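A.B. asks: Predicted structure and sequence below. I'll ask about it afterward.
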Amino acid sequence: MGLVYKYNRLHLSMILGIECTAHTFGIGIVNNGKILANVKDMYKPEKGGIIPMDSANHHKEVAETVYQEALEEAEISEKDIDVIAISNAPGLAPCLLSGMHFAKEKARKLKIRIIPVNHCIAHLEIGQSLGAENPVLLYASGANTQIIAYSSGKYRVFGETLDSGIGNFIDTFARYCGIPFPGGPEIEKLALNGKYIELPYSIKGMDVSFSGMQTKMKQLYDKGEKLKDISYSMQEIAFAMLIEAAERALAHTGKKELVLGGGVACNARLQDMANIMCKERGAKYFCPDRSLLVDNGAMIAFTGEIMAKRDKKLLIHPDKLDISPRERTDDVKVSWK
Ligand code: AMP
Ligand code: MG
């Protein structure tokens, strides 16, 4: 009887969140909006980009260790966990499956329910941990580049890349020049001493595109242009495109808060530009700590808690959990706002 009750328990104070959508396997633990643990282990390909099956195997290998470390960091025992939140969408199918199997195994063992969380929405909602109430999110990561805000009953994508994510775009160019993955941080260092050269600025409405700039950068590099100058100019132009799109979304929605998310948002120049734009239009600027900007389990737990507290029907039996690799942000039915 007690065990059946646990599946249906409505007392939700300790949420464990699992992040598994791409290269990072992370576990966060949240208790009434407070982050008690945020542990992660990132798969790093030996060369080239992410190989989904390798990343999925990585997740399987590190899952138990990351789980134990998170429990230790939070100073709780697994019996204290009330619900498991998991990023079941969008992402690389093999990675999502690894996370799903782990979540099911733990939830069955602990006889607790699961709440599926959209990864992109979690990047937005973690802004609440800094005090953002109703922000526009500039989500600049490896695979994703989107400007998202909650509006009229849904999380809507106001602008996005028409080709590659900004991080993949930077990493691809870096790899072309012999810099291993992830290339973004190295390009940022090189850019510090660069000077400006013209590159194509491509923004259509609120959407951005990087392929023309990629071609031009490779041509310039082949012709012997200095890598530091290309890096500097790429940052100035590509980031200005993102900031312009984000500013338009603020103007269009009338919102007064901007939150940054994604690995590329660790870049100091992008942060600077975002901060300046917000100051100029009287908007509040929120940049989560690096550990919450990159993919992490704490943001999944944090968002899962908000959702579960507002709508208990979102809590599902482990048998019902599935993955949605291609779920779009605006596909998500929002019942918790
Ligand atoms: P994510 O997909 O959100 O985990 O972020 C990974 C991406 O962030 C990779 O493409 C990295 O190259 C990029 N990245 C990380 N740090 C920086 C940085 N300081 N500047 C630019 N890109 C970065
Ligand atoms: Mg992400």
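C.D. replies: Thanks, I have the structure now. Being a predicted model, the structure only gives us computed values, none of them experimental. Ligands and ions are numbered 1, 2, ... in the order given.

A.B. asks: contacts and neighbour counts: CA atoms only from here.
C.D. replies: Noted.

A.B. asks: how's the chain carved up into domains?
C.D. replies: Split into domains by automatic domain parsing, the chain comes to 6-124+293-331, 134-289.

A.B. asks: I'd like the mean pLDDT over the first one, please.
C.D. replies: If you average the pLDDT over domain 6-124+293-331, you get 95.

A.B. asks: That one: how far from the chain's middle?
C.D. replies: For domain 6-124+293-331, the separation from the chain centroid amounts to 13 Å (computed by C-alpha atoms, centre = their mean, to the nearest Å).

A.B. asks: Sort out which residues of stretch 136-153 are buried, please.
C.D. replies: Neighbour-count burial for stretch 136-153, counted by 16 or more other C-alpha atoms under 10 Å, picks out 136-150.

A.B. asks: Kindly report the same for stretch 123-137.
C.D. replies: Residues of stretch 123-137 classed as buried: 123-129, 132, 134-137 (neighbour count, 16+ other C-alpha under 10 Å).

A.B. asks: Between which two of those is the distance greatest?
C.D. replies: Largest separation among the buried residues of stretch 123-137 by C-alpha to C-alpha: S129 and V136, giving 14.8 Å.

A.B. asks: picking up where we left off before, ligand 1 next: which of the buried residues of stretch 136-153 are close?
C.D. replies: Counting by C-alpha under 6 Å from any ligand atom, 141-143 from the buried residues of stretch 136-153 sit close to ligand 1.

A.B. asks: how about TSV for those residues, with pLDDT and secondary structure added?
C.D. replies: Output for these, formatted as TSV (pLDDT from 0 to 100; DSSP: H, G, I helix; E, B strand; the rest coil):
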residue	pLDDT	secondary structure
S141	96	coil
G142	92	coil
A143	90	coil
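
A.B. asks: can you list the residues of the stretch 101-250 of the chain near ligand 1?
C.D. replies: 141-143, 167-168, 171, 182-185, 188.

A.B. asks: among those residues, who's most crowded?
C.D. replies: Taking other C-alpha atoms under 10 Å as the neighbour criterion, G184 ranks highest of those with 27 neighbours.

A.B. asks: ok, now which ones touch that one?
C.D. replies: Residues near G184 by C-alpha atoms under 8 Å, 6 or more residues apart in numbering: 167, 170-171, 174, 264.

A.B. asks: can you rerun that using 7 Å?
C.D. replies: G184 is in contact with 167, 170-171, counting by C-alpha atoms under 7 Å, 6 or more residues apart in numbering.

A.B. asks: A70 touches K40, doesn't it?
C.D. replies: No: taking contacts as C-alpha atoms under 7 Å, A70 lies outside contact range of K40: 8.8 Å.

A.B. asks: Mutual contacts of those two, please.
C.D. replies: I27.

A.B. asks: now, among the ones next to ligand 1 among the buried residues of stretch 136-153, which is nearest to F302?
C.D. replies: Relative to F302, the closest of these is S141; by C-alpha to C-alpha it sits at 19.6 Å.

A.B. asks: what are the phi and psi angles of that closest one?
C.D. replies: Main-chain dihedrals, S141, degrees, to the nearest 10: phi -120, psi -170.

A.B. asks: isn't it right next to F169, touching?
C.D. replies: No: contact criterion C-alpha under 7 Å: S141 and F169 do not qualify, at 10.1 Å.

A.B. asks: how much space between E160 and A122?
C.D. replies: Per C-alpha to C-alpha, to the nearest Å, E160 is found 17 Å from A122.

A.B. asks: So those two - more neighbours on which side?
C.D. replies: Set E160 next to A122 and count neighbours by other C-alpha under 10 Å: E160 wins out with 26 against 22.
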